[in-house]
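[1] Generate a structure from the sequence data that follows.
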Amino acid sequence: MSSNFVFSEKDLGKNRALASIQKLQELNNAVAISTLTTKLTKEQLSDFQAVVFTDINLESAIEFNEYCHNHQPPIAFIKTEVRGLFGSAFCDFGPEFTVFDVDGEEPHTGIIASISNDNPALVACVDDERLEFQDGDLVVFSEIQGMTELNDGKPRKIKNARPYSFTLDEDTTKFGTYERGGIVTQVKEPKILNFKPLKEAIKDPGDFLLSDFSKFNRPPLLHLAFQSLDKFVSELGRFPTAGCEEDAQKLISITSDINESLGDGKLDDINPKLLRHFAFGARAVLNPMAAMFGGIVGQEVVKACSGKFHPLFQFFYFDSLESLPTEPLDPSDLRPLNSRYDAQISVFGSKFQKKLGDAKVFVVGSGALGCEFLKNIALMGVSCGKHGKLTVTDDDVIEKSNLTRQFLFRDWNIGQPKSTVAASAASSINPLLHIEALQNRVGPETENVFNDAFWENLNVVINALDNVNARLYVDQRCLYFQKPLLESGTLGAKCNTQMVIPHLTENYGASRDPPEKQAPMCTVHSFPHNIDHCLTWARSEFEGLLEKTPAEVNAYLSNPGEYTSAMRNAGDAQARDNLERVIECLDRERCESFQDCITWARLKFEDYFSNRVKQLTFTFPEDAATSTGAPFWSAPKRFPRPLQFSITDPSHLHFIMAGSILRAETFGIPVPDWVKHPKKLAEAVDKVIVPDFQPKKDAKIVTDEKATSLATASVDDAAVINELIMRLEQCRKTLPPNFRMKPIQFEKDDDTNYHMDLIAALANMRARNYSIPEVDKLKAKFIAGRIIPAIATSTAMATGLVCLELYKVIDGSHKLEDYRNTFANLALPLFSMAEPVPPKVVKHQNMSWTVWDRWIIKGNPTLRELLQWLADKGLNAYSISFGSCLLYNSMFPRHKERMDKKVADLARDVAKVELPPYRDHLDVVVACEMTKIMMSIFLRYPFTSAEYSPMILEL
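    Model prediction:
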C-alpha cells in the first residue's frame, strides 16, 4: 500500500490483479481489462503485442524474453523494477523494429527566398524564422516558380545547414531559373532498430542511457548491482533486510565476484557505500520511484504498439541516493512498524516518516499534475500525521477532456470542482491524509484567503499550474515568505522540474524564457503564410463578431447616455470603429429570423473570402513592386485568389451552417432542425442575393509589420463620431423593448456548440485563399484553443521526480549539489538532470547578498534612524515610498519635517493606509544610490505604533 493507489486496507489478503481490476476499469471503460491469476506460461504471451514484467527473476525474464524476441511477429518485451531509491528498465522490441517517427515533432519547414543555379545549389530562406534543419536531413520542395524541377516530390539531402540557408546536394545548373515562392519541408525517415535479447544484452549492454552527468560511471555499477541482487535472492530465497550489515556485505561480495569475472571489462570501483544503501532498500518500492518508472515504461508500451517515438535502447538505470536524509541512519530506525509506510521507513527511517507526516504542504492546482501530486503525497504519508496539513486549491471544474490524464476524476465527476473531487479521491487512497480543498485562484485578489498567517505556517509549496503568470505570483509569495517551491511542467512527452530552495537556488522568476514570437498584425490580417496565421485570424474574427460586438451593443443599450459620452470623450479611431460595429449589428446586419442569419453568414463568406481578396489584389496586383523596385509579393507573402461560393462544396455549406447557428444564438433566434440537412440548407442559401463587388481605388491596407492597429486615425474622427451617435440613437428607437444580445465566449471543449466548427471553417477557407494546407477540426482545436498537449506518462514521471526532491526539502539540511532540476523528453528518450542554479549575488563595498537575504532592525525606528542605519552600511537612501505614495524624498525640503516620525506612522498618516485584518505587515520601497532595496516592515495588528515588531529589510 506504500506505492499502489488502487489498493485499500479492505484489499489486504486479496490477489493483487483481482483487487486492481475494478479501479483500473473505471479509468477507461473503452479498454478491455482481464486478469490472469495462474502461473504465467510463455504460450500465453502470444496474444499480446507488448508485455511488461515488473517482478520477475533474471532467469525467468531471459526465458520469457527469448520467446518474445523470436516470436513472429516479435512481442515487445519490457522489464522494469524499483528497489528503494534505485530503478531499472530494459526494452527489447525484436530483431528489427521500425520507428516511424523518432521524435514526434512536426516536420520543420522554411519559406524559400532564392535558389542558385549551382552544383551544389545554395538555398536561402526568408529570415522570418530560423531553420531547424540539420546536415543530412532529407527535404522536399513545393510551390516553387521558375525552378519547377524541384517540385517533383523527390526527397533531397541537405548539408551546410545554417539558420537561414543550406546547401542542396544536387546540381541545378541546368534547371530553370528560380523566380519566386516555394516551401521546403523536412522528410521524416523511418528508423530500423536491432534489439538484442536480454541474455545477450546483459553481457554486452552497449551504451547506457545517461540521466545525470554528475553520475557518469553510475549505470555500469547499477547494472552489476541489479544482477547481484537477483543472485542474492536466488541463493537465499529473500531480499536483504533493511539495516542488516551482514546482508549488505553479502551483496557487496556477490557484486565483487561478478565484477572480477568480467576480466578487462571490470569496474575499478564497485562503491561499497552505494551498494550498502542498495541492499538496505532492496525490498522497498517507493511511490515517487514507481511514479517515475511507471511514466517511462508506460510511454515505452505506447512506442511498442505505435512505432511513434524512439524506444529506450536498451538499458536505463537511475538512482536518487541524494534523497536520503543527510544525517546517518540508525539501523534500528529502519525496522518495520507494521504500518502502510514500512517500505518507506526501511529506506528513510521512522523518524523521517514522522517529519513527512507533520509537514504542512500547499498544492496549487489539481489538474493533471495536481492529481498525481495528491496521489503521491497520500501514498508517501505526507501531511498524514497529527500536526500535518495539506491544502489544495483550484478554481476550475472537471471537463470531459481532463479524463485522459487527470486520473483521480471519473465520468460522473464532470462539472464538479476539481479540488474537492481530487481531495476526496486522495483521502480514499489514504484516510489518514489531513487535506483541505479550496476553490480559490491564488493571486492578489485572494490574499484575504491565503493570508500572511497561511503562508508563514507552510513547510513547502508545490506548484501544479498551467500558466506562467500564476507561477510567477506563487514564486513571489514563496520568495517573500522564504518558503521552498517545487515547480514542474509538461508539454506533450516533455517535462521539466525546478527546485526553488531559500538561500540555495535562484527563484523561478529569476530566469525567463524569451516571449513567444507573435506574427505582425498585417501578416495575420492580409498576408498569412501558414495555418497558424489563419487560425489566429479566425479566433480574432470569432471573438469580434460573436463576443465583443454583442457585448458592445449591450454596453450601449444598458446606458446609452454614458456610452455615447465615453465615445465622444475618446474621440479616436477606436471609438469610431466601436460605434460603426454597433450600428452595423443593430441596423444593416440585424437579424430577426433564421433566414436573416443565413443571409448574414453567406454575405460574410463573400466579404471574407472573395471581396477582401479582390480588393487586396486590386491594390497590390501580382506584378506589384515595392518602393525599392523589389516584387511586392515576394516570400514570405503568398499571392491570394478569391473563392467562388458553391452550394456543392461541403466546406462552404459547413461555414454557412456554423455561422448562421451562432449568429442566431447571439440574437436569441430559435435554430430550426433543417439547418443540419445540406439540401435544405442549400435551398435557403440560394435565396440570398449577393451584391456585386467593385474594388476601391483609395482603399488603405496596412503593410507595416510594426503596426499594432488596423484602425486608421482621421482628423475628422470627432465629427464622424457625432454623426454615428445620431444614427445609433435612430437605430435604438426601432428595437423591441429590453432588447439585448447574447455574447458568445469561445469554448473549445464542447464539440456540439459549433464554436470550433466556425473557427476551423474560417481558417480553412482563408488558407484556401492563400494556397496554404488546410487542417482538420482537431488540429484547429489544438492551435486556436491554445491547448498544451498533455499525456499521463510525462505527468507521472515529472511528479515522481518532484517528490524525490520533496524528501530533501522535508529533511531540510541538504546542500545545493544534492538537489536536481530536470528536463526530460520521453519521445527521444532524453533525461538531463543538473543541480539548480544558485541565486545571483549582489555585492556592495564589503557586503554581499542575494534575493533571499534579510536585514533585521530591532525596535521601531524613526525615518532619521532608518536613514542613518542604512548610511552606516554605505547605502545612501534618497527615496522611500509606499505603493504610489511618496513617504520621503531627499529632494523635497518639506519632507525633512518627517525625519523624527516613525516610518510605520508615516505609512499610516501620509499614505492613509488601513491594514486589512488578514495582513500583519506592510511594504515600503527604499531607493538607494546605485542600488534598489525592497524593505518590508512587519507589524502586529491592531495598527498602533506601540505594537510594532522588528523591521525587516528584504534585499
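[2] ok, the nearest residue to E541 once chain neighbours are set aside - contacts?
    Distances taken as CB to CB, 6 or more residues apart in numbering put L762 closest to E541, at 5.9 Å, once the chain neighbours are dropped. Quick note: C-beta positions are derived from backbone N, CA and C, even for glycine. Contacts here follow CB atoms under 8 Å, 6 or more residues apart in numbering; on that basis L762 touches C534, W537, A538, E541, F542, Y608, F655.
[3] Quick check: mean pLDDT of the host helix or strand of L762?
    In this structure, L762 sits in helix 755-769 according to DSSP states H and E. Per-region confidence: helix 755-769 scores 96 on mean pLDDT.
[4] picking up where we left off before, if I look at the residue nearest to E541, how far off is F605?
    The spacing between L762 and F605, counted by CB to CB, to the nearest Å, is 10 Å.
[5] shared neighbours, those two?
    Between them, L762 and F605 share the neighbouring residues F655, with contact defined by CB under 8 Å, 6+ apart.
[6] hang on, the earlier thing: ok, and for the helix holding L762, which residues are buried?
    Of the residues in helix 755-769, those buried under the neighbour-count criterion (16 or more other CB atoms under 10 Å) are 755-769.
[7] Quickly name whichever of these is closest to P528.
    Set against P528, the nearest of the buried residues of helix 755-769 by CB to CB is R766 (6.7 Å).
[8] I figured the closest one was touching R539, is that so?
    No. Here R766 lies out of contact with R539, judged by CB atoms under 8 Å, at a distance of 11.8 Å.
[9] quick one on the thing from earlier: beyond the helix holding L762, next helix or strand please.
    Per DSSP H and E, the first helix or strand lying C-terminal to helix 755-769 is helix 777-784.
[10] and the direction of that next one versus that of helix 755-769, what angle?
    Angular relation of helix 777-784 and helix 755-769 on a 0 to 180 degree scale: 90 degrees, by axes from the mean of the first three to the mean of the last three CA atoms, to 10 degrees.
[11] Buried ones in helix 777-784, by neighbour count?
    When neighbours are counted by 16+ other CB under 10 Å, the buried residues of helix 777-784 are found to be A780, K781, I783, A784.
[12] after that helix, next one along is what?
    Per DSSP H and E, the first helix or strand lying C-terminal to helix 777-784 is helix 792-811.
[13] what lines up beside the helix or strand just after that next one in the sheet?
    Proceeding N to C from helix 792-811, the next assigned helix or strand is strand 821-825, under DSSP H and E. In the sheet, strand 821-825 lines up against strand 494-500 (antiparallel), strand 830-834 (antiparallel) (DSSP bridges).
[14] Going by neighbour count, list what's buried in strand 821-825.
    Of the residues in strand 821-825, those with enough neighbours to count as buried (16+ other CB under 10 Å) are N821, T822, A824, N825.
[15] Identify the residues contacting the second one.
    Shown in contact with T822 (CB under 8 Å, 6+ apart): C495, N496, T497, A798, L801, F831, S832, M833.
[16] Against F216, how distant is G785?
    As judged by CB to CB, G785 and F216 stand 43 Å apart.
[17] Could you do P240 as well?
    Taking CB to CB as the measure, P240 and F216 are separated by 27 Å.
[18] Which one of those two is surrounded by more residues?
    Looking at P240 and F216 with other CB atoms under 10 Å, you find the greater number of neighbours at P240, namely 24 against 10.
[19] Let's see the pLDDT reported for the more buried one.
    In the predicted model, P240 carries a pLDDT score of 97.
[20] give me phi/psi at the nearest residue to it once chain neighbours are set aside?
    Once flanking residues are discounted, P240 sits nearest to D247: 3.7 Å by CB to CB, 6+ apart. Backbone geometry at D247, expressed as degrees, to the nearest 10, gives phi -60, psi -40.
[21] How about the contacts made by N559?
    When contacts are counted by CB under 8 Å, 6+ apart, N559 is found next to no other residue.
[22] which ones are touching G388?
    With contacts defined as CB under 8 Å, 6+ apart, G388 is in contact with L356, G357, D358, A359, K360, V361, V382, H434.
[23] Let's test this: name the helix or strand in this protein with the lowest mean pLDDT.
    Lowest on mean pLDDT, DSSP states H and E among the helices and strands of the chain sits strand 931-939, with a mean of 47.
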